[in-house]
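J.: one predicted model, sequence on top.
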Amino acid sequence: MSFPLLTATAAVPALGAVATAAVPAERRAAAKWLALAVSLVTLVLAATQLVRFDPDAKGPFQLTESHAWIAAFGVRYDLGVDGISVVLIGLTALLIPFIVLAGWHDADPLETHSSRWRPTQGFFALILMVEAMVVIAFEATDVFLFYIFFEAMLIPMYFLIGGFGDRAGERGEAESATQRSYAAVKFLLYNLVGGLIMLAAVIGLYAVTADQLGSGTFSLTEIVQARAAGKLDFATTTERALFLGFFFAFAVKAPLWPLHTWLPNAMGEATAPVAVLITAVVDKVGTFAMLRFCLQLFPEASKWATPVILVLSLISILYGALLAVGQRDIKRLIAYASISHFGFIVLGVFAMTTQGQSGATLYMVNHGISTAALMLVAGFLISRRGSRLIADYGGVQKVAPVLAGTFLIGGLATLSLPGLAPFVSEFLVLVGTFSRYPVAGAVATVGIVLAALYVLVLYQRTMTGPVAEPVREMPDLRARELAVVAPLIALLLFLGVYPKPVTQLLDPAVAHTMSQVHESDPQPAVHVNDAHVNDVEAAK
Amino acid sequence: MNPVNYLYLAALLFTIGATGVLIRRNAIVIFMCVELMLNACNLAFVTFSRMHGNLDGQIIAFFTMVVAAAEVVVGLAIIVTIFRSRHSASVDDAGLLKL
Amino acid sequence: MENLIGTLVLVPLLGAGVLLCGGRRLDRAGHWIGTFAAALSFVIGVVLFADMLGRSGEDRELAATVFSWVPVGGFRADVGFQLDQLSMTFVLLITGVGSLIHLYSVGYMAHDERRRRFFGYLNLFLAAMLLLVLADNYLLLYVGWEGVGLASYLLIGFWQHKPSAATAAKKAFLVNRVGDMGLSIAIMLMFTTFGTFAFGPVLENADKAGEGRLTAIGLLLLLAACGKSAQVPLQSWLGDAMEGPTPVSALIHAATMVTAGVYLITRSGAIFDGAPDAQTAVVTVGAVTLLFGAIVGCAKDDIKKALAGSTMSQIGYMVLAAGLGPIGYPFAIMHLVTHGFFKAGLFLGAGSVMHAMNDEVDMRRYGGLRRYMPITFVTFGLGYLAIIGFPGLSGFFSKDKIIEAAFAKGGTEGWILGGAALLGAAITAYYMTRVMLLTFFGEKRWQPAPSPEEPGAEPAAETRGEGRMPHPHESPKVMTIPMIVLAAGSVLAGGLFSLNDAFLTWLEPVTGHEEGHSPVTAVQVTTATLVVLFVGVALAWAQYGRRPVPVTAPPGSLPVRIARRDLLQDDINHIVLVRGGEHLTRSLVYVDHTLVDGVVNGTAAAVGGLSGRMRRLQNGFARSYAVSMFGGAAVLIAATLLMRAV
Amino acid sequence: MSHVETVHSLWTLAAAEAPKKIPGPHIEYVQLSPTLIVLGAALLGVLAEAFLPRGVRHRAQLGLAALGLAAAFAAVVALAAGGYASDKSHVAAMGAVAVDGPALFLQGTILLVALVAVFTFAERRLDPAADGRPVDSFAAQAAAVPGGDAEREAVAAGMVTTEVFPLVLFAVGGMLVFPAADDLLTLFVALEVFSLPLYILCGLARRQRLLSQESAVKYFLLGAFSSAFLLFGIALLYGYAGTVTYAGIADVVSGTTRVMDPALAGSTANDALLLVGVAMVLMGLLFKVGAVPFHMWTPDVYQGAPTPVTGFMAAATKVAAFGALLRLLYVVLPGMRWDWRPVMWGVAIVTMLVGAIVAVTQTDVKRLLAYSSIAHAGFILAGVIAATPDGVSSVLFYLAAYSFVTLGAFAVVTLVRDAGGEATHLSKWAGLGRRSPLVAAVFAVFLLAFAGIPLTSGFAGKFAVFKAAAQGGAAPLVIVGVLSSAIAAFFYIRVIVLMFFSEPKADGPTVAVPSPLTSSAIAIGVAVTLVLGLAPQYFLELAGQAGVFVR
């Protein structure tokens, strides 16, 4: 019985959350430091996973743990990571410390609060709780186990969104409180409905397996093997129905057009760190699950649905970008930008090519980092001025050049400028899509122009031009804030120049998925008898 | 005479009782209508036991009477309390709890 | 030697990194660090050049793969460099002119408190541009391609406090992005066609791909080139780009970056050779643009905008040449180099003039400056002679060849192209003469400096008193020396290159060369060129040299006004794209709020309403409850019986 | 003419020889011990009321009730351990009462629920003491006119209605028999035995007595009305089968034995008697579980009754009634599954939807919980309809899980008070999370369990029943189920929003600090909710083993 690394990675933040919540009211600072420490320990554990993970080992999952849990439902506590999940766990564990650090003062109680109300402890405890649940969701190889945490993570997220917001500027406390709880409820209901529909599909899956294998099971590996061995075989309609059930939930989470409208509200009303938590961490579970569960459990249905999904993701790309252009609120703008990016991710996942899927997974990582950078800087900006309206800014670069500079870099990453991480992944997605669906690939490329449009418009309106009166006294980034942003930017540069460490982790996992879907990359029209192309063929 | 007719009578009584419950306002009267329904049941039991030629039905009828008596005790108690506090036995006056 | 290639890019990149992250403490030395980095990369370039000359024609090409960048399945992108004669030419041009302009900027930006950052951006540009010309595959080229775009964005918008500058920068980036879209799709198409996008395999196997795919790739590359090189229809950004500091206009928007499109087409020659239709498209774009730019150049009173127009038109020549295939490639590149010299020189001259005239840009407010700033006058004048193709100066050789090649295209096409080229030459002569006359000749038409509240003022102006009459003076040495060097270049380059076709033989291994069968002899072409040249000059003299020039531009006839408005390019863009886009986004925002969100909120409201209505049933009357029970029982019984019945 | 002969022969037989000695009934007292213990305790309680001095009654009654229930529970455990849940399970008391898995499981659940409920009954710290004496939530003297002199005197005299404990015990006694009843007569008697005390308990509130009495009247009249239907249904079934034992009826239904009497051949041939009878009996039971359209009493009674009583009713009554329903459908009517399943489908669907939808616009916590209990009745029905052993065990599990959540939730409701007693209007709960986070958090846990959020018992139960339904071929029910859960989630969330995200009102309610009694009740509720959510395996197995009915 080796050390249960995967469990530990999830258990540490979970226990940390409890401990943080237990910190007495007046020891506020202690709670913050505790949360930071816990998140760092988690980061270490996640790093250990990355180290102990062996890219070219046999078998889909590694570091597996397996225990009986609810035999009556055929549910096991099965954990395991493949290249994709280990990378995403790394991303999660990496971002949380920055989120904690960035949210350092976001939950300091107002004077009006009674002494028994302990927002600070709650805030950081909830963040850690979310981290724990996300990690488990990434690690779970049992559909039911995944589902439980996929659903459960809504609750802490819900309290984070509804309970903590920006200092209400002109809008007034009451107004912003109403807006917040509306956003929180919208977030919860959207995802809950998605989750419940998925629940129906999960039950259906159990019914089918129980019917055909004798005893119902949720184990991903078992089901896949049974299908491979021909012991288990879905009726076409059943498979499609189940696929839709699963996909709906993930599409809400992702979010895919037209199920996206919760995201702008949530990201707009939540504090910047929480917004990052939503879009950079929690939403990734949706896209990840498409890759892990939709494709592997229901390959045929996935292929059947691909055309529609491609169209939807194309709409998401263009629609999200265009709406981003039309926004007056910085955070909502970033939210719509994320919708556009999630469009790219889904596109890559369902392009069913190696480049597409590796690109999509890499995109999840890069989008996480770049959005974190942009959103957190935006948060610092907003916290200084107390307004989210673009119109309230102008000429910031004159008074706060460093803030403006980091904001610009974050923006350039968002428009996926070559040399920064997102470019690699976006291009991979585009190539991967193009090589199978040229038209879709070409249409998606329009997204990069629109991306430039909304980013540059945002930058121009907020940072350049004559200095607006309200920002004249605005201080530049403080040490803590710089400590949050600088590493992220460094990471963006590094992964932009040298993404290989990540891609080589992803490649085998993606290849595995591709084989599950019985897909192989389309071959080039011209056979090029060129040295390095040949050795690539040999490598394959 | 064909005992089936007694069944028809029982059904008739039962319906009368039910209708009474639906249309009368006075709690006491409603309660009496319920009693009427119970007695319709008794009649049915006795008739069936006569038809089947076993005594179960008659035994049940006795049980029913006892239960009905117990019901009367509880029911009247409740109705009387509410009558004292409201000075009316009309069930339609008791309409605080709604929506 | 291979390793040196990497350092070529690395040096300015490091320079940029140091300058941008260095913080205030570097403010005092920043400009020299930047200039040093540029100069160093030039030296490295020269060393490599010498080494290359040392080797014989065929094995002059160097290649170095640094590391594997994005290896995913069959998709293999490396960071690899390739230095052949073509790249070499660019390296020397970029680093050489670049260093000079760094030097010039030391003086020009002396009064700007953000000078350090300016040099950081310049270095960043050098790095990106070198990456662009040294990359050994299209994806890496794309990185440089967007990198120069970024640098140009930062530098055009360097004076960010000017809304006009910020807008111009944004516009430039966006228009370029449209072109980049073409490039990236082209790369994807290459990947699906060849399974790779490294120059070597792609170009070697281009012939196997079939004309259809090649044409598609060619047109997409052309789109990219149009964006970067400000060719019709994506030319609109270049004029506005003049918002940037003048050295930027000289380096990026005249000498180097804007010629990247020509590089791309020349580099991809093999593809275009297989796609005649694409080539036709290229030459058409080139011909149209060279006239377009020239006409715009005639109408502008802003000296920089006039020069921008001429840049556009000169690049039109290059593109035209590049579109002619192997006949034209060498001349395209040759003109590119010579143009690099004289256009950079002209811009620096213009900068020097503005420097002297309180940053006044309206030529109608110049006049008679030749006595006040002789060096500028001489250098500018040499550049002028070069660009109009005065015999013996560099422009003469390069442009003349292009016109020949155009005719050599043969058939009516050849006649049309040649005619266009000739006409362009005439117009060039006209507007350049106009610039000369307005600026250096005639009587003084100086006005008080622009008032401070006008945002158009460069910060340099703040240091000098506003509202005073300008007192023109010659610029400091750091500025004049580069001008002199460039002037020398613009005088000599053409001649040197043409000595027993040195340049041709130098490039031949890369671009290949074939003699066109021109319907007209070289002599005829030359004479024709000279004729139109003098016609152009004469016209300009008749208009601006003989009679005095009004300080405020006369309203002018309709065509003049249209030309002043850049031939309505911006208006068309505005109506078609901006307006349309705004309406689209607005309506989408509305849709998102009412429809997509409305559906959800609607269902919620519906449930609420239903709930409210059903709630009414719970009316508190015990008897109505009894009714529902009774009814329920009836239904239950009926249903049960029914079930048995069916 | 045939019936005349039979009649004649009957009389002549009677005349012929003297009637034989009727053998005394044979009763297995051990196996009925749980019921007997509880009823015995109840009787003792009555005596205690009569003879003990007023001062000690409360404590004595509490002890007696707790003791009795605990002992009964011990007896149930002993029986289960003795194998009566599985191989030794059989029908006791001459075919009147079944002793088998489901019966014992449900009895155990009911007893535990009752035990916890009794704690909340005995709570005496929430209300401000009336002239020096601590008071519980029951009227000083139920007979006194509200606000009248008699009441004032009663309060002054320090009267307390300690009769509630014997009443509860009687009710529990009935509930223990109800799911175990193995013939229709026992069913009816048990029904009345646990209904009548509840009618009274509903009318005993100390605060807002008018509401309380009104709820009692409504509950009583409608209850009596429904039991009349039940009884008539029984009569018809008796007429159809000639017997009221479940086994006997089942045989006739499945056609293994035929009714001797040719006079009824006609009525046996057309199953009108059977079908109408079944429908009416079902109606009687559906009334008790609060299924639409027989649900309308639920909100009024839940709101009017004293909150501890509401909690007890909501939890225990449902358990007992569903137990009886299960036994009836699985033991008596498996033969005619194709008749009742479609009907029950309809009932389940409307119950789920109506319960969820109407709850959306409720403004009173207790009414809200009432409607949610209706919706949950719908979910449970989905499991009942599965008509598989899985269905049985899933329903058993759901009942156990649900009853403790309900109990806990209503216990929390008793804590939130203002001048007028309990502050049940939702608007008063605004900002509770700010004022007393712990109570709000606990209530949130219960709400999330109601909403069926994973890691709570609610989710495990919901999953169990839906799984059973899906495997039982009722996939559409599952779809409707998840949809109505979505709607239901909305109003649970609303309460949470109210408690945590809205600013507390200045004149908001205070949260009373309860005695260990209520605290432990709530604690048990939370514990069960979380344990059944995190590690339900053991209890699922228990329910699984208990899933077999004896015939």
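T.: Yep, it's here. These numbers were taken from a predicted model, which means no experiment stands behind them.

J.: dihedrals phi and psi, residue A:234?
T.: Taking degrees, to the nearest 10, you get phi -80, psi 140 for the backbone angles of residue A:234.

J.: now it. Nearest residue, chain neighbours left out?
T.: residue A:208 (6.3 Å; Cβ to Cβ, 6 or more residues apart in numbering or on different chains). (Glycine included, C-beta is placed from N, CA and C.)

J.: which strand residues bridge the residue in the stretch 1-150 of chain C positioned nearest to chain D?
T.: Residue nearest to chain D within the stretch 1-150 of chain C: residue C:72 (36.3 Å; Cβ to the nearest Cβ). Bridge pairing for residue C:72 (DSSP bridges) gives the partners residue C:75.

J.: residue A:504 is in contact with that one, correct?
T.: No - using Cβ atoms under 8 Å, residue C:72 makes no contact with residue A:504, being 9.2 Å away.

J.: more neighbours, those two?
T.: residue C:72 (27 against 16; other Cβ atoms under 10 Å in any protein chain shown).

J.: any idea how far residue A:226 is from the more buried one?
T.: Between residue C:72 and residue A:226 the distance is 31 Å, computed by Cβ to Cβ, to the nearest Å.

J.: what about stretch D:427-439, distance to the chain center?
T.: In this view, stretch D:427-439 has its centroid 30 Å away from the chain centroid, taken as Cα atoms, centre = their mean, to the nearest Å.

J.: other residues contacting it?
T.: For stretch D:427-439, contacts defined as Cβ atoms under 8 Å, 6 or more residues apart in numbering or on different chains pick out A:113-114, A:116-118, D:363, D:365, D:412, D:415-416, D:418, D:423, D:440-441, D:443-444, D:495, D:498-505, D:508-509, D:511.

J.: which strands or helices does the strand or helix carrying the residue nearest to residue A:234 pack on?
T.: According to DSSP states H and E, residue A:208 maps onto helix A:173-213. Helix A:173-213 is packed against helix A:143-152, helix A:154-163, helix A:220-228, helix A:236-253, helix A:262-269, helix C:597-617, helix D:457-471, helix D:475-501, with contacts defined by 3 or more Cβ pairs under 8 Å, 6 or more residues apart in numbering or on different chains; DSSP states H and E.

J.: so in chain B, which helix runs the longest?
T.: Counting residues, the longest helix found in chain B (DSSP state H) is helix B:56-86.

J.: can you pull the phi/psi pair for residue B:53?
T.: Main-chain dihedrals, residue B:53, degrees, to the nearest 10: phi 70, psi 20.

J.: avg pLDDT for stretch C:190-206?
T.: In this model, stretch C:190-206 has a mean pLDDT of 89.

J.: how long is it end to end?
T.: Terminal residues of stretch C:190-206 lie 10 Å apart, using Cα to Cα, to the nearest Å.

J.: how about it, does it reach chain A?
T.: Yes - counting by Cβ under 8 Å from any Cβ of the partner chain, chain A is contacted by stretch C:190-206 at C:191-196, C:198, C:200-202, C:204-205.

J.: now the buried members of those.
T.: Buried members of those, scored by 16 or more other Cβ atoms under 10 Å in any protein chain shown, are C:191-196, C:198, C:200-202, C:205.
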